[in-house]
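In: All I have is the shape, not the residue letters:
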């Protein structure tokens, strides 16, 4: 059930970023989003490593090894 969080984290970060006017706070928010997405991606990679595939929302979101590789490359 990590994949919805991987989609929602950058979206919510962008929405919160619209409300922040301080450049310093925006940079902190960006770092927090990066750390969150990197951690979620690592956890997703471990889940796929253990069970070969991961599904969410009744199979609408599906991750296998190639999906995790692309996710890792995008997150880092």
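Out: Sure thing, it's come through. All values derive from a computational prediction rather than experimental measurement.

In: Then residue 55 would be within a helix, right?
Out: No - counting by DSSP: H, G, I helix; E, B strand; the rest coil, residue 55 falls outside a helix, being strand.

In: List the beta-bridge partners for it.
Out: residue 62 (DSSP bridges).

In: what about the helices in this structure?
Out: Listed in chain order, the helices of the chain (DSSP state H) span 3-19, 23-51, 65-75.

In: which one of the ones you listed lies closest to residue 57?
Out: For residue 57, the closest of the helices of the chain is helix 3-19, at 7.1 Å, according to CB to CB. To be clear about C-beta, it is placed using only N, CA and C from the backbone, and glycine gets the same treatment.

In: what does the closest one rub up against?
Out: Applying CB atoms under 8 Å, 6 or more residues apart in numbering, the contact partners of helix 3-19 are 26, 29-30, 32-33, 36-37, 40-41, 44, 54, 56-57, 61, 63, 71.

In: before we move on, what about stretch 29-46?
Out: The set of residues external to stretch 29-46 that reach it, using CB under 8 Å, 6+ apart, is 2-3, 5-6, 9-10, 13, 16-17, 20, 54, 63, 68, 71-72, 75-76.

In: try 6 Å
Out: By CB atoms under 6 Å, 6 or more residues apart in numbering, the surrounding residues in contact with stretch 29-46 are 2, 5-6, 9, 13, 17, 68, 71-72, 75.

In: quick one: buried residues of it?
Out: Judged by neighbour count using 16 or more other CB atoms under 10 Å, the buried positions of stretch 29-46 are 29, 33, 36-37, 40-42, 44-45.

In: and what of stretch 65-76?
Out: 67-68, 71, 75.

In: Between all of those, which two are separated the most?
Out: Pairwise over the buried residues of stretch 65-76, using CB to CB, the maximum falls at 67 and 75, 12.2 Å.

In: Now the two most distant members of the contacts of helix 3-19.
Out: Farthest apart among those by CB to CB are 26 and 54. That separation is 32.0 Å.

In: The two: which has the busier surroundings?
Out: The residue with more neighbours, out of residue 26 and residue 54, is residue 54; 19 against 14, by other CB atoms under 10 Å.
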